[in-house]
Every structure is written in structure tokens, then in C-alpha cells.
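[1] Pasting the sequence and the predicted coordinates here, then a few questions.
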Amino acid sequence: MKIKIILLSTLWTGLSVVSAMGQNNNSLIYPKPRKANVTDNYFGTKVPDPYRWMENDTSQEVKEWVQAENKVTETFMYQVPYRKIIHDRLTEIWDYARYTAPIHKGKHYFYYKNDGLQNQSVMYKQDKPGGKSEAFFDPNNLSKDGTVSVGGTYFSKDGTKMGYTISRSGSDWEEIYVLDVNTGKRTNDSIRWAKFTDVAWQGDGFYYSRFDEPTPGSSGLTAQNTNQKIYFHKLGTPQTQDVKIYEDPARPKVGLGAQTTDDETYLVIYATEGASSGSEVYIRKTSDMTGPFKKINSGFENNNSVINNLDGKLMVMTDKNAPHYKLVLVDPAKPDEANWETLIPERQEVLQGVSQGGGKLFAHYMKDAVAHVSQYDTYGRLDRDILLPGLGNVSGFAGEKNDGDIYYSYTSFTYPTTIFKYSISSGKSKEYIRPDIKFNPEDYESKQVFYPGKDGTMIPMFIIYKKGLVMDGTHPTLLYGYGGFNISLYPDFSPARMILLEKGGIYAVANLRGGGEYGEDWHKAGMLDRKQNVFDDFIAAGEYLVKNGYTRPDHLAIMGRSNGGLLVGACINQRPDLFKVAFPGVGVQDMLRFHKFTIGYAWVSEYGSSDDSTQFKNLYTYSPLHNVKPVNYPATMITTADHDDRVVPAHSFKYAATMQEKALHENPVIIRIDTKAGHGGGKPTTKQIDEWTDIWSFMFYNMGFVY
């Protein structure tokens, strides 16, 4: 999306308040899209859907409406006098080298580095950590504008081949290619129509997940994706010769994934009924390509993940009778639960995952949304709880079996991602790479508070601000939330937030029910008929910030993306008076029809379905699209993208049209529709900076602040 930016010579040194910025004199002229006579009857309740035609992403009428909305957005953003100043400062802050932790594969170590403003990070290869590095794989060469991104990289057991997936313009559709590690050259192998896939190596080929090719003439960005299948691709052969390994035609909406154990002895198939369901696990020895699969468990009540195999038994992370998860050993010859052996028992902290390196197991835990890591031997005996640099988030702790040292990254809200070298024998960490940034992190602090939700449940929230800030209720504040799909919000660092923090603003993150911060029980407390708990928790977070002097309603903004976009939409419907600005990003706004597009049916396990009479009633009570009222809403910037095939842009299109039709419009309601972008993954740096420029400009302007 191209929007003009005004050039200014004046650089403001802080956020100042002006008495009148025009934000309460909204004179925008919105498009008046056609309203069709479309009504659905849900169990006797008639629900109009006048903008149903916006679901056709390829129609000329939709394209013309998008163009008209872009002009409205350009008109509004054009009047923000300090927009270019924000853009320039964001670019300056963003421009520092960022690294990932090195990982040992075969004869080499690999890591990603972004010089600062590169659209995509580059993978480097070195023979040993600290040795000479060479650029091994540069995704920036895949497209001129950086809109082709790498999804995942998967090394073969011997480290001589690397499979990787790419996405174009942010779509969930993936292509799979293979690099020869020694030469760095791409082989002739090419896979299309993969989606939500890994590359599971076995010998001279790999397993992957794919859907059927979309109907000719379709964009492939809206139609349902069903009947996922597992195929095996042999290197050097065309995709047309790939062998179908597994499918489940009796259950076309079951998702399928493939994995092989590190020694490639077992092929593991995961079957999931939905994004919030557990998984069935099937295994088969890779030496038997045509034999039957053996089922490890039945039903979708529990989450199960195979970590590896040990002495002929599978290490499985499970929440069966352990809502905080545990690690068990499963004998493939006797897979019944009665025969499971506990390797790492359930703890008070939530087990998030288990990695391996140096012949050890590294259990990644979370307590109160803060990361903890414990080192075990392969038989589950605790070596030590690892001392981390602070209360934040970590990733890494993985390597080859014989490694003496491994690497991890650590970050927090005030601690830019830093790489550490960890000695497995001593348990000591040493700083390996610290980023060189253009501000002082020591100037800022973060704290965690616990506030009561509507029903008295205590909810954790992180609050980040400049040291010495007086809490007098005057500070522009952005509150972020998600609350769904068992996804946890950890402390993390983002250069984008410095625009707010360095000028005396406040950033807050609420760890709402529906997430995974306290295990599956916490998740279930915010799903299906208990979804209102999530909205209540978020509203209570805003009330806490106001009550305790951090901000006040006319200085409070809220943001969420995807399920978080739904969260924002529902909360401004229920409490429009509490917030001044709202950013519902790529949100699920039509709760009655979400399951009819791409993989939306997988969210029924989280939300329920309008096809069920009881679930319909619950969905209808909070669906953002269906609860817009003629009231004064916060200034709202809806964001979506033309290639979002996860939460299709029709959600945001219909929602924006409805908001513009019904809201009283003391404050603007605009929609920012990005081009050659998707749900958010792989978005190039230039697009990220442009989007955050508009977010901060819109927020400050509508709050009456000058940057």
C-alpha cells in the first residue's frame, strides 16, 4: 500500500499535547458500498449479511471498493504532520545487526543474520563458531521487493542437504526446495501446493504435507483446504512421481503432519481435528514403506508430540493426565497408556517443549509467562536448572549429540536479543553476540503485575516504560493481547516499540485466559462458551491501567492480531468508552462464517460453529461484525492484506464497511490494506517499518499528541 509522506524539517523532541488536532472533527467521506439482500436463517434467527459479495476476492467490485478505501486512508494519513519523522526514526532504530543462535548440523554451524534493514535475514555457514562465515542462503535474492520469505529449514541427518519452504507475498501456500550444503546450489527438486508442512527426511528423500491444487481460475486464497495428504518425495524425481503415504478421506477436515525420528527409524504421522484439538499419533518403521501404521493414541482430547526415540522407545511430550505436560517413554510394541514410563514428570511450571544437544535433554518451561530451562540426562535425571540472564524468553539449546557447547538466544522487553554460549558440562553461560543498538536499554524498565479479572481470576500483565516516569495518567499507552489457541505471550524485544517508549509512552501486554501461560486449563478457560472471559480479562487490563495512574481512556490504545483482532473488535463493541484508539489486525471478525474459508474450519475446536444451535447463540453474542452499534467508537485502524489466506481479508472488508456505515464517526474508522502481504509471517522489513509508521502516526494523532 503506497501512501504519501509529508516532508518536515522540524524534529520534535518529545510527545506534547495539543488542544485540537482534528481527531474529533472527522470529515472523512467513506465509500458507500452496495448492500445486497442476503439473509441467513440460523435456527430461527435471521441474520443479514449485506456485504457478502466482499467475500469474492477476485471480483472487480471488490477491487474498486479496496481502491476507494485506500484513498480514504491516504487522505487521513496525509494530514499527520510528523509521519515522516516517525518513519525516519523507526528506520534508524531498526538498523542494527540481529542474529539467531548458531546450530550444529553435520560438519557445519548455521545461523541467520540481518544487517539491519535487509528485508529478509540471510543464513550463514561456518566450520566452527567464531570461525570464518560465509553467506550460505540469501532469501533476498528470491524477489526484488523481499516479499518471498523462507518458512522453515530442515537439514538431512548427515547435514549434506537442506530442505526449505518459501512463501510468496505472505500466503500460507508453500513451495519446497532443496540445497546441497557443500556447494550451496539448489537441486532440481521442487514441490508445490504444500501448506502447514515440515520436511521430514528419510534417506534420499523426504515426507511432506500438501493439499490438492486449487481449482483453475481460483486465486487459491479463499476456498476451503481439505483432504490434506502425506507424500514422499525421492530426490532427483519430479513431483508427479511422489508416493502418497497417508490420507484420511473419511475425515477430510483432519490436518496431517509428518515427522521422522533423528535416526530415521520411525515415521510419525500426526492427525489433528482442529487448531485447538489434541492429536492422534501413528507410527511405522521407515524400513516398511507399505505396512500398516500403529496408533499410539485415539481421539483428539490430548496433545502429543514425539521428541525422539530412546533405546527403541519413543519420547513423547503429552498433557494426558498432566495439564502442564510431561515427557513419557512409549514402547511402539506396547503403546497403550498403561505401559507408558514417565521420563520427566509434570511440574508446577508449564512444559513448553524439549530440545536435545550434547547428549542431554533441555526442557523449556514457563512460569508466569517467563521462560525457565532445565537440563536433564537422556533418562530424565535432572542435571540442573539453568541460570538465565534475566526474566525473559529464550530459544535454542539444540545441537548434535557430541557437542560440548550449544547456543541460545535470550530477550526481554528491555533486552535486545542476545546470543549466549552454554557449556553443557559446567552449566555456565557466556555472552557470544550482543547487538549494537542506537539507544540505551538501561533507560527502560518492565514489571509484571497481577490484576483481577471480572470474575476475580488473577491475570498477569507486563508493563514497560521509561525509568523515572511519573504515573499521572497522562501517558499514551498501547495495550496488547491475544488470548486464544493455547498461544503464550512471552517477553520479547521489538525496535518498533521504542517510538512509544522513548517519548514517555507505556507498552503493556496482558496474558489473557485462552492462552497457554498456565497450561491447558488456562486455555480452556477462554475458549468455546467461555470466550467472554478473554474479553473481560482484556477490558479489566485497561481498567487497571487507568485506575493505577498509568494512563486514562483518552490516551489508551489497544491492539491485537488474528485472534487478537477478534479480541479488539469484541472489546470496542462492549466498552467503546474505555479506549481512544483501536488496532484490530487481520482479525476474525465474522464469527458465523469463518469456518467456510481456507482452514478456518480448524478453529471450530476453539470457537465453536454457527452450524450448531447452541454454539451459534454464543458466537452471535460477541461476533464483532454482528455487534457493531451506532455509538462513538475509538479511532480505529483496521489492518489486513491482499494475500492473507489464513484469516481472509473479507473479514476485515465486511467489518470496515459495517463500522463505517453504523458508527457515529466522531473518530475515524479506516482500513489499511497491504499489498503482496499475508497474515504477517515473513513480512519484509520495509513493509514492517511502513506499517508501524502508520500505527504510531494514527495513534498519536488521534490522542492529540505531537511526536
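    Okay, I see it.
[2] Please make it C-alpha for all contacts and neighbour counts, starting now.
    Will do.
[3] all helices for this protein, in order.
    60-78, 83-94, 498-501, 520-524, 532-547, 563-574, 604-607, 613-622, 650-662, 685-703 (DSSP state H).
[4] List the buried residues for the second one?
    Buried residues in helix 83-94, counting neighbours by 16 or more other C-alpha atoms under 10 Å, are found at 83, 84, 85, 86, 87, 89, 90, 91, 93, 94.
[5] Which residues are in contact with the last one?
    Residues in contact with residue 94 (C-alpha atoms under 8 Å, 6 or more residues apart in numbering) are 116, 117, 495, 496.
[6] Swap in 7 Å and give it another go.
    Residues in contact with residue 94 (C-alpha atoms under 7 Å, 6 or more residues apart in numbering) are 116, 117, 495.
[7] just curious, which of the residues you listed is nearest to residue 143?
    Within these, proximity to residue 143 (C-alpha to C-alpha) peaks at residue 117, which comes in at 15.5 Å.
[8] Could you check how far that closest one is from residue 135?
    To residue 135, residue 117 is 17 Å away according to C-alpha to C-alpha, to the nearest Å.
[9] who has more neighbours, those two?
    residue 117 (18 against 15; other C-alpha atoms under 10 Å).
[10] doesn't residue 95 make contact with the more buried one?
    Yes: counting by C-alpha atoms under 7 Å, residue 117 touches residue 95, with 5.5 Å between them.
[11] pLDDT weak spots in the stretch 1-150 of the chain?
    Low-confidence segments of the stretch 1-150 of the chain (pLDDT under 70): 1-26.
[12] residue boundaries of the strands in it?
    Using DSSP state E, counting those that start in this stretch, the strands of the stretch 1-150 of the chain run over residues 16-17, 39-42, 45-48, 98-99, 103-105, 108-114, 122-126, 133-137, 148-155.
[13] what would the ones you listed look like in JSON lines with distance to residue 705?
    JSON lines is the format used below for the strands of the stretch 1-150 of the chain (distance: least, C-alpha to C-alpha, whole Å):
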{"stretch": "strand 16-17", "distance to residue 705": "5"}
{"stretch": "strand 39-42", "distance to residue 705": "43"}
{"stretch": "strand 45-48", "distance to residue 705": "40"}
{"stretch": "strand 98-99", "distance to residue 705": "32"}
{"stretch": "strand 103-105", "distance to residue 705": "45"}
{"stretch": "strand 108-114", "distance to residue 705": "33"}
{"stretch": "strand 122-126", "distance to residue 705": "38"}
{"stretch": "strand 133-137", "distance to residue 705": "44"}
{"stretch": "strand 148-155", "distance to residue 705": "36"}
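[14] so which of those gets nearest residue 601?
    Closest to residue 601 of these, according to C-alpha to C-alpha: strand 39-42, at 17.8 Å.
[15] Show me which positions of that closest one end up buried.
    Here strand 39-42 shows no buried residue, counting by 16+ other C-alpha under 10 Å.
[16] Can you work out which other helices and strands pack against that strand?
    strand 45-48 (3 or more C-alpha pairs under 7 Å, 6 or more residues apart in numbering; DSSP states H and E).
[17] Now find how far off-centre the strand it packs on is within its chain.
    Remark: strand 45-48 is offset 33 Å from the chain centroid, using C-alpha atoms, centre = their mean, to the nearest Å.
[18] Partner strands of that strand and their direction?
    strand 39-42 (antiparallel) (DSSP bridges).
[19] could you dump the partner strand to CSV, C-alpha only?
    Below are the C-alpha coordinates for strand 39-42, written out as CSV (Å, rounded to 0.1, in the frame of the first residue of the first chain):
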residue,chain,number,x,y,z
THR,A,39,-30.0,-13.0,4.9
ASP,A,40,-29.2,-16.3,6.7
ASN,A,41,-31.5,-18.1,9.0
TYR,A,42,-29.7,-19.6,12.0
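[20] Can you tell me what sits against that strand?
    46, 47, 48, 49.
[21] What of stretch 614-626?
    With C-alpha under 7 Å, 6+ apart as the criterion, stretch 614-626 contacts 529, 566, 569-570, 573, 589-592, 608-610, 655.
[22] ok, 8 Å please
    Applying C-alpha under 8 Å, 6+ apart, the external contacts of stretch 614-626 come out as 42, 528-529, 532, 566, 569-570, 573, 589-592, 607-610, 627, 654-655, 658.
[23] Please pick the buried ones from the residues you listed.
    For the contacts of stretch 614-626, a neighbour count by 16+ other C-alpha under 10 Å gives the buried set as 528-529, 532, 566, 569-570, 573, 589-592, 607-610, 627, 654-655, 658.
[24] thinking again about what came up before, and of the helices of the chain, who's closest to residue 152?
    Closest among the helices of the chain, using C-alpha to C-alpha: helix 685-703, at 18.2 Å.
[25] For the closest one, what does the pLDDT average out to?
    Across helix 685-703, pLDDT averages out at 97.
[26] same question, stretch 185-204
    Mean predicted lDDT for stretch 185-204 stands at 96.
[27] okay, how far is it across that stretch, tip to tip?
    OK, stretch 185-204 end separation, C-alpha to C-alpha: 17 Å.
[28] Now do it: distance to the chain's middle.
    Using C-alpha atoms, centre = their mean, the offset of stretch 185-204 from its chain centre is 23 Å.
[29] Buried residues, that stretch. List them.
    Residues of stretch 185-204 classed as buried under the neighbour-count rule (16+ other C-alpha under 10 Å) are 186, 189-202.
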